[in-house]
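Peer 1: what's the 3D shape of this:
(4 chains)
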There are 2 protein chains.
Amino acid sequence: MSTAAARHQRLHAELRERICLLDYPPGTKLSEEALAAEFGTSRTPLRRVLARLEDEGLVESRHGIGTLVTDVDMALMTQVYDLRLHLSALVGQLDPLPVTPAVMAEIRDFVSRGEALLAAPDPRAFAALNSAYHGFGLSLTGSAPLRETAARLYYLTARIWLTSIPRMNLRSECAIFLGEMRETETALDAGDTAAAALIRRAHISMSVRRMSR
Amino acid sequence: MSTAAARHQRLHAELRERICLLDYPPGTKLSEEALAAEFGTSRTPLRRVLARLEDEGLVESRHGIGTLVTDVDMALMTQVYDLRLHLSALVGQLDPLPVTPAVMAEIRDFVSRGEALLAAPDPRAFAALNSAYHGFGLSLTGSAPLRETAARLYYLTARIWLTSIPRMNLRSECAIFLGEMRETETALDAGDTAAAALIRRAHISMSVRRMSR
DNA sequence: ACAGCCAGAGTTGTGCACAACTGTCTAGCT
DNA sequence: AGCTAGACAGTTGTGCACAACTCTGGCTGT
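Peer 2: Predicted coordinates:
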């Protein structure tokens, strides 16, 4: 059981990352056969992964044509962001977990990685760190449904930042990101998970503002 | 394209309803072969439907054992309800749609169906009407992500009511339900979608209270 | 010259046979 | 009698061959 399910999770996470990091830009045609060969399986298990990605809105399979990476519809993404905004604040309200030493070690690690990023700004490294930091933020709530829901919506919007960064100031974004993590470290140091969630919400909101200019 | 996707949707909705109406109680072993035969297809398309239901947390497939309907974990359901509570209120905040004559016709129809239900109380009819009414409530927002997210969580918790009703007063529940729909009719008549959403939230909250006694 | 059609390549969807796995029951040994 | 090992039935997971479908390119008839 574990091997099949584990592989499914692995392939799903891998393809999702490739899509969200724009290794597969919107419109890319994913070949079931090529991917199956790359991962050393047949089409059957791979098709289940693609079906899941389709349910999540990241790809779209058309009979006789191919499986295409969906494009980023701004009207839809605005709605997703509005929803994410509210959900991110809920992390501090729905079963917020106590701030353990392990959590503090994590946020400190994120701060140092943020400092490294600011020293050597890079879009892809930013996106990867942002994704990991998002997962950390969700780990502050004990509500599994909230975590899963927020994650699902996050991956829907994750591509927007990378498509917007050419029109933005990368170094400035890195500095703002590092600032957010430092603020969060302060909030968590005071044991205030709710405050950390509100900081997250505020920065998501401001990030959307900067991107949509 | 349409035929394959349409059948997938149809089978998915059908099996989901059977699970949520307890035609398949928790623990039921679903036979891929039997279901495929019933719907006149092979196991392959059916397995995609079951995979989706598994992603949604309604069934669980175990290699060599079978595909089992998940049981209702109260700790998890409490978390889902907490989240649903907040989401239901968002219907009135995120892109609330104007109240059209068609909407008023719908709510009036729901009120009359509620009156019929109160005249002849029946658990299964209640559950079915409740499901339809939930869909109507979501149709009041223009935010597709909110609709899909709320629906997903709704189906996770839909089975709780039917399992709790033996310990409750069916006729009283029908009366309360009818009352909610009448209140909502008043709110919508005033064009106040946000008020309708708050009424929904209040009744979900109270319903949970009554069930958990 | 142009319109329509047909054949072909390439892709996803389906069905089937078999592999992999689990739980049970029975036969045989101690 | 009790226990263990092995065969067996039943289930999901995988691989493969083929069906169904779409687009492209060129060919043919007018």
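
Peer 1: after the helix or strand where residue A:126 lies, next one along is what?
Peer 2: Taking DSSP states H and E as the criterion, residue A:126 maps to helix A:123-138. Downstream of helix A:123-138, the first helix or strand assigned by DSSP H and E is helix A:144-164.

Peer 1: Can you tell me which helices and strands that following helix packs against?
Peer 2: helix A:2-20, helix A:74-90, helix A:123-138, helix A:193-211, helix B:74-90, helix B:144-164 (3 or more C-beta pairs under 8 Å, 6 or more residues apart in numbering or on different chains; DSSP states H and E). Bear in mind the C-beta positions are built from the backbone N, C-alpha and C, glycine included.

Peer 1: And those helices: which comes nearest residue B:112?
Peer 2: Closest approach to residue B:112 among the helices and strands packed on helix A:144-164 (C-beta to C-beta): helix B:144-164, 21.7 Å.

Peer 1: What about the closest residue to DNA strand D within chain A, how many residues nearby?
Peer 2: Proximity of chain A to DNA strand D (C-beta to the nearest atom of the strand) peaks at residue A:64, 2.5 Å away. The number of residues packed near residue A:64 is 5, by other C-beta atoms under 10 Å in any protein chain shown.

Peer 1: Need the phi and psi values for residue A:95.
Peer 2: phi 50, psi 50 (degrees, to the nearest 10).

Peer 1: which residue sits closest to it, ignoring its sequence neighbours?
Peer 2: Leaving aside its chain neighbours, residue A:95 sits nearest to residue A:142 (3.8 Å; criterion: C-beta to C-beta, 6 or more residues apart in numbering or on different chains).

Peer 1: distance of that neighbour from residue B:160?
Peer 2: Relative to residue B:160, residue A:142 is positioned 20 Å away (C-beta to C-beta, to the nearest Å).

Peer 1: okay, the two: which has more neighbours?
Peer 2: residue B:160 (19 against 14).

Peer 1: these two touch, right, the more buried one and residue B:207?
Peer 2: No - in this structure, residue B:160 is not within contact of residue B:207 by C-beta atoms under 8 Å, at 9.5 Å.

Peer 1: what helix or strand is residue A:37 on?
Peer 2: Going by DSSP H and E, residue A:37 is part of helix A:32-39.

Peer 1: care to break chain A down by domain?
Peer 2: Taking automatic domain parsing as the reference, chain A has its domains at A:2-69, A:74-211.

Peer 1: ok, now how distant is residue A:50 from residue A:42?
Peer 2: With C-beta to C-beta as the criterion, residue A:50 and residue A:42 are 13 Å apart.

Peer 1: neighbour count winner among those two?
Peer 2: Neighbours around residue A:50 and residue A:42, counted as other C-beta under 10 Å, are more numerous at residue A:50. The numbers are 21 against 12.

Peer 1: That one and residue A:207, how far apart?
Peer 2: Distance of residue A:50 to residue A:207, given as C-beta to C-beta: 30 Å.

Peer 1: Please identify the residues of chain A in proximity to DNA strand C?
Peer 2: A:1, A:3, A:29-33, A:43-44, A:47, A:61-67 (C-beta under 7 Å from any atom of the strand).
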